[in-house]
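**Student:** Got a predicted structure plus its sequence, pasted below:
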Amino acid sequence: MEMHLPTLIITTITLNVLLAGVMFIIYQVRRSQKSFLTWALACAVFAVAVMLTSMRAIVDDQPWLTVFMADLCIIFAPLLALHGLRQYQVQGPVSLKLVALVMSYSALPLVYLYTSPLHAQTLTAVITAAIYLFAAAYMLTIKQAPALSRNVLFLLFLLHGALMLGMAGMLFQNLGAKQLITVEPILKLILITHLLLTTGTVTLFPVFAFAMSERRLLEIVNFDELTQLYNRRAFFERGSMLLAKNRVLRRPFCVLMLDLDHFKEINDRFGHAAGDACLREVARIIHESVRDNDVAARIGGEEFALALSDVDRNQAELLSYRLCQRIAQQVFEHNDEKIELTVSIGGIFSISSRRELSDLLNAADSALYEAKAGGRNQFKFA
Ligand SMILES: Nc1nc2c(ncn2[C@@H]2O[C@H](COP(=O)(O)OP(=O)(O)OP(=O)(O)O)[C@@H](O)[C@H]2O)c(=O)[nH]1
């Protein structure tokens, strides 16, 4: 099979220059995201690397340019790409120590090796393989990234690392030869794959970045920062969907409203931070007590709401009783101080009713008022 390496080289250079331009434009729009600037630089450096490497066939008396500088650029490009990923994940300044370290440790041996292109290329392949494998491992640590884009990037980096190791192995076997054996079909195929993988991986970066941004925004919109339960907005959105589904399936539905007792006193006596710790702990107990398809939310300062699907009145009362008991028995600790806390619960049970979620919540609130009036640390149903 005839492989048109020159065409591919020109395409790769053009694509990477274009990608650098696109990343730079995105950076201009989102100045807070420095990673796009770093990725723009990575694409530009890679285009330069390909250009310098391909000049070897024409200019053979300037190895400092076509070998030394070219190999440094080949190492610098993935390092920059990785640096951009770190900047994106940290969302703040990232130390350039790793980049500087790898660059200086690569430059030192290359100073000695650049007059022998094959040795230099072997070393460069080993270093880039290590960078790609490191990048693959790094992708696995970005837990908050959407699984699909993270796994695709992980696989691309892994494949790239393995490819570069294979290339290093092949070059190593030919170290005795005087000339670069780029004419070898397998080596040529590796080179082509390398060009395609690099360009393809960088193209995925903005997709990855936007998927991560979207996930972060959804978290901010739907979740309460302090307790990680749903917030009021998400309670109404998800709770209404659950209510509609239960109505269609003629299943029983229940809304509970929980309010911590005398919480103002806890704040006044132990401080706001202790109050926050209690809210987190109560949220944990609530989260552990409900099923996956129930909706548990913090809808106000010390108010929580639960939308429970497919529970009958006995089950709802049992859950309310257990929640009161668990919270009353739990000793909340903050800075070595022991805090005792109770909760009052109001509930409403509904089956096939036409009432909206807000109506049900109001009814649960009235029942909660009765529970408070009845002495607190108890539950009442409307
Ligand atoms: N620590 C902390 N306190 C909060 C937060 N949101 C609201 N609060 C406090 O919760 C307290 C609620 O007080 P009240 O509405 O008077 O109710 P209460 O003291 O719990 O009394 P009852 O509900 O009648 O039993 C207030 O002191 C608020 O400042 C929060 O996010 N963190």
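**Tutor:** Structure's in. What do you need?

**Student:** Check the offset of stretch 23-32 from the chain's centre.
**Tutor:** The chain centroid and the centroid of stretch 23-32 are separated by 20 Å under CA atoms, centre = their mean, to the nearest Å.

**Student:** Which helix or strand contains the residue of the stretch 51-200 of the chain found nearest the ligand?
**Tutor:** Taking CB to the nearest ligand atom as the measure, the point where the stretch 51-200 of the chain comes nearest the ligand is residue 144, at 23.7 Å. Heads up, the C-betas are built off the backbone N, CA and C, glycines and all. Assigned by DSSP states H and E, residue 144 belongs to neither a helix nor a strand.

**Student:** Distance-wise, check it relative to residue 98.
**Tutor:** Using CB to CB, to the nearest Å, one gets 21 Å for the distance from residue 144 to residue 98.

**Student:** quick one: which of the two has more around it?
**Tutor:** Here residue 144 and residue 98 are set side by side on neighbour count (other CB atoms under 10 Å), and the busier one is residue 98, at 15 against 10.

**Student:** surely that one meets residue 87?
**Tutor:** No: contact status for residue 98 versus residue 87: not in contact, 12.0 Å apart, counting by CB atoms under 8 Å.

**Student:** just the helices in the chain please.
**Tutor:** Assigned by DSSP state H, the chain shows helices spanning 5-29, 34-54, 63, 70-90, 97-113, 117-141, 147-173, 185-222, 232-248, 263-270, 272-289, 313-329, 357-373.

**Student:** so the longest one versus helix 5-29, what angle?
**Tutor:** The reference is to helix 185-222. Regarding helix 185-222 and helix 5-29, their directions subtend 20 degrees when assessed with axes from the mean of the first three to the mean of the last three CA atoms, to 10 degrees.

**Student:** Buried residues, helix 185-222. List them.
**Tutor:** 187, 190-195, 197-199, 201-202, 205-206, 208-209, 211-212 (16 or more other CB atoms under 10 Å).

**Student:** now that helix, how far from the centre of its chain.
**Tutor:** Centroid displacement of helix 185-222 relative to its chain, using CA atoms, centre = their mean, is 14 Å.

**Student:** which other helices and strands contact it?
**Tutor:** Packed against helix 185-222 by the contact rule (3 or more CB pairs under 8 Å, 6 or more residues apart in numbering; DSSP states H and E) you find helix 5-29, helix 34-54, helix 70-90, helix 147-173, helix 232-248.

**Student:** Reformat those as TSV; add mean neighbour count and mean pLDDT.
**Tutor:** Output for the helices and strands packed on helix 185-222, formatted as TSV (neighbours: other CB atoms under 10 Å; pLDDT from 0 to 100):
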stretch	mean neighbour count	mean pLDDT
helix 5-29	16	91
helix 34-54	23	94
helix 70-90	22	94
helix 147-173	18	92
helix 232-248	17	94
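
**Student:** Tabulate those helices in CSV, adding columns for distance to residue 357.
**Tutor:** Listed next are the helices and strands packed on helix 185-222 as CSV, based on distance: least, CB to CB, whole Å:
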stretch, distance to residue 357
helix 5-29, 39
helix 34-54, 41
helix 70-90, 37
helix 147-173, 31
helix 232-248, 5
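
**Student:** Need the ones you listed in JSON lines (columns: distance to the ligand).
**Tutor:** Supplementary listing: the helices and strands packed on helix 185-222 in JSON lines, determined by distance: least, CB to the nearest ligand atom, whole Å:
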{"stretch": "helix 5-29", "distance to the ligand": "35"}
{"stretch": "helix 34-54", "distance to the ligand": "33"}
{"stretch": "helix 70-90", "distance to the ligand": "27"}
{"stretch": "helix 147-173", "distance to the ligand": "32"}
{"stretch": "helix 232-248", "distance to the ligand": "13"}
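
**Student:** residue ranges with poor pLDDT in the chain?
**Tutor:** For the chain, residues meeting the criterion pLDDT under 70 lie at 1-3, 177-184.

**Student:** which bits of it sit near the ligand?
**Tutor:** Selection of the chain residues close to the ligand by CB under 6 Å from any ligand atom yields 226, 259-264, 267, 272, 275-276, 279, 301-302, 372, 376.

**Student:** quick one: which of those residues is nearest residue 360?
**Tutor:** When the residues of the chain next to the ligand are compared for distance to residue 360 (CB to CB), residue 259 wins out at 16.3 Å.

**Student:** Starting from residue 192, give me the distance back to residue 4.
**Tutor:** Here residue 4 is placed at a distance of 9 Å from residue 192 (CB to CB).

**Student:** got it, and residue 306?
**Tutor:** Applying CB to CB, one obtains 58 Å for the distance of residue 306 from residue 192.

**Student:** With residue 36 instead?
**Tutor:** When CB to CB is the yardstick, residue 36 and residue 192 sit 28 Å from each other.

**Student:** show me the contacts for the closest residue to residue 237 other than its chain neighbours.
**Tutor:** Excluding the flanking residues, the one nearest residue 237 by CB to CB, 6 or more residues apart in numbering is residue 222, at 7.9 Å. Residues near residue 222 by CB atoms under 8 Å, 6 or more residues apart in numbering: 230-231, 233-234, 237.

**Student:** Check the residues you listed and tell me the two furthest apart.
**Tutor:** Most distant of the contacts of residue 222, by CB to CB, are 231 and 237, 9.9 Å apart.

**Student:** Residue 322 reaches residue 289, doesn't it?
**Tutor:** Yes: shown here, residue 322 and residue 289 form a contact pair, counting by CB under 8 Å, at 6.6 Å.

**Student:** who has more neighbours, those two?
**Tutor:** Counted by other CB under 10 Å, residue 322 and residue 289 do not tie: residue 289 has more neighbours, with 15 against 12.

**Student:** out of everything not next to it in sequence, what's closest to the more buried one?
**Tutor:** Going by CB to CB, 6+ apart, residue 289 has residue 323 as its nearest residue, at 5.9 Å.

**Student:** Appreciated, that's everything.
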